[in-house]
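[1] Provide a 3D model corresponding to the input given below.
(one chain, ligands or ions: 1)
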Amino acid sequence: MTVPWVVKYRPKTLDDVENQEDVKDELRSWIDSWLKGSPSSTAVMLYGPPGTGKTSLAIALANTYKLELVETNASDTRNLTSLRAIVERASISGSLFGIRGKLIFLDEVDGIQPKQDYGAVSAILEIIKNTKYPILMAANDPWNPNLRDLRNAVKMIEVKKLGKIAMRRLLKKICSGEKIKCEDNALDQIIEASDGDSRYAINFLQSIAEGYGEVTEKLVSELVRRKERELDPFETVRSVFWARYGWQAKQAVSNSQVEYDLLMRWLSENIPIQYEMLNDIWRGYDALARASIFLTRAKLSSWDMLSYTFDLMGPGVAMAEVEKKSPSWKAKWKKYQFPTLVQQLYKSKRTRDTRDQIIKKIGFHLHSSSTKIYNDVFPFFLIMTSKDLDELAKNLDLSPEEIEFIQSSQVRDVALKETGSTAQPSERTSRSRTTSKSRSKKP
Ligand SMILES: Nc1ncnc2c1ncn2[C@@H]1O[C@H](COP(=O)(O)OP(=O)(O)OP(=O)(O)O)[C@@H](O)[C@H]1O
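    Coordinates of the predicted model:
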């Protein structure tokens, strides 16, 4: 199984964490104050946009001070109960940093829902009151009024987006670690699209590198569109499959800018990749089939139906995996696939692009328009090159990709067929084609 690069390249210690110097200093002096026996504050909340390194900072902090990281999701009330027991046990035994100290980490504090997770905030407040261990929390957006009491009980530290230079260093390190060819401009585009979200940038890099074996500017720009982040189907698909709670999956599909039909294709292609149990796959497809019915109804009658489409495409697909209900469930990294249709469109576009480049070069040498070369010369050229490719390639300054295009008989057939079928059926072109055909008989 491929290890996700966000895991493989996660910083081990605080020194490995790129930038974030102020945050690291504050965290160090906070833990030092605990070690001296007079904590500057019981709990700290790291807050900032997704993928800025909050979880990484928690792990690096624990490693740096050789503390055991006790990690749980802040809205998981069942785990909070056992956490309360840990904290209470420690206060009775009076152990502070006993044999091995602990760092308690509560992730996704802003995911606490007042109704569904009733009692979570008061449980955390109680843990903070009784703890003998430092408590670190993380949230993307901690300004929800429901979290006011919590905010007042902790020290708030902002984690800012990673700058472009630091992000580039991070990605370069991964590229050389993985020995993959990454064009500088491609990295620039990924950095631009990630908008400071390192997880997004690293996942994006891995998806392209594993899907295509190289990271080129052309590939990246194919995938990055203007509203890149929301448009990235890999991110949406992963967020749905990795959602532990229904609301997370619903958020993923409703925030996604990937067009609904296309998103269905993505999910459909990847359900059997993500889910291993036949029953889970069946439930996933069942939810998706129902989502498709509601999408058709939404388009035909009322857009109100879209809400059901989201429920089924998001939580419906996400919760198809029964194992998710178990507390020991962990998201499994899978290499997602482009929907076959999108892949075919991409491949044929690439082939057409290469063909058009060759046509341009011939046109430049023959002082003719691309249309004329395409209709009158190109089929003949392909036949000619089966004899004299080396010489022609030199004269036309053809790139290896263009030579490969010409050499591939399969592609040549496609190109010949396309040339025949897509040319305008004008008198001029049909006559020209007759001419080139008849000429081709006499090489
Ligand atoms: N400052 C950094 N230095 C090195 N790697 C980083 C840094 N920030 C993030 N990363 C990389 O990005 C990945 C995602 O970061 P992380 O999970 O820590 O973000 P987060 O802020 O906790 O995100 P979220 O709020 O969505 O949970 C990490 O696995 C790590 O590899």
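
[2] gap between the residue nearest the centre of the chain and Ala43?
    Centroid-nearest residue in the chain, with Cα atoms, centre = their mean: Glu235, separated by 3.7 Å. From Glu235 across to Ala43, the span is 31 Å (Cβ to Cβ, to the nearest Å). In this view, the C-beta of every residue, glycine as well, is placed from N, C-alpha and C.

[3] Likewise for Ala201?
    In terms of Cβ to Cβ, Ala201 sits 30 Å off from Ala43.

[4] Which residues of the chain lie near the ligand?
    6, 9-11, 17-20, 50-56, 138, 140, 162, 170, 198-199, 202 (Cβ under 6 Å from any ligand atom).

[5] Narrow the residues you listed to those in helices?
    Among these, the members falling in helices are Val6, Lys54, Thr55, Ser56, Leu170, Ser198, Arg199, Ile202 (criterion: DSSP state H).

[6] Surely the last one and Val7 touch.
    Put plainly, it is Ile202. No. Using Cβ atoms under 8 Å as the test, Ile202 is too far from Val7 to be in contact (9.7 Å).

[7] Pick out whichever of these two has more residues nearby.
    Ile202 (24 against 9; other Cβ atoms under 10 Å).

[8] Could you report the neighbour count for the residue in the stretch 1-150 of the chain that the ligand sits nearest to?
    The ligand sits closest to Gly53 of the stretch 1-150 of the chain, with a gap of 2.7 Å, by Cβ to the nearest ligand atom. Using other Cβ under 10 Å, Gly53 is surrounded by 27 other residues.

[9] cool, and Met156?
    By other Cβ under 10 Å, the residues close to Met156 number 14.

[10] Doesn't it lie inside a strand?
    Yes. Counting by DSSP: H, G, I helix; E, B strand; the rest coil, Met156 falls inside a strand.

[11] who does it bridge with?
    Met45 (DSSP bridges).

[12] the helices in the stretch 251-400 of the chain, which residues?
    260-274, 278-300, 306-311, 317-318, 340-366, 370-372, 378-396, 400-407 (DSSP state H, counting those that start in this stretch).

[13] related to what we said a few turns ago, give the helix, strand or coil label for the residue nearest to the centre of the chain.
    Glu235 ends up helix, using three-state DSSP.

[14] Count the neighbours of Glu276 for me.
    Around Glu276 there are 12 residues (other Cβ under 10 Å).

[15] Contact partners for it?
    By Cβ atoms under 8 Å, 6 or more residues apart in numbering, Glu276 lies in contact with Lys332.

[16] is it true that Met313 touches Ala287?
    Yes. Met313 lies in contact with Ala287 (Cβ under 8 Å); the separation is 7.3 Å.

[17] neighbour count winner among those two?
    When Met313 and Ala287 are compared for neighbours, Met313 comes out ahead with 29 against 22, by other Cβ under 10 Å.

[18] so what pLDDT did that one get?
    Met313 carries a pLDDT value of 95.

[19] Look at the closest residue to it other than its chain neighbours and say how many residues are nearby.
    Distance criterion Cβ to Cβ, 6 or more residues apart in numbering; nearest residue to Met313, sequence neighbours excluded, is Ala291 at 4.3 Å. Ala291 has 24 neighbours, counted by other Cβ under 10 Å.
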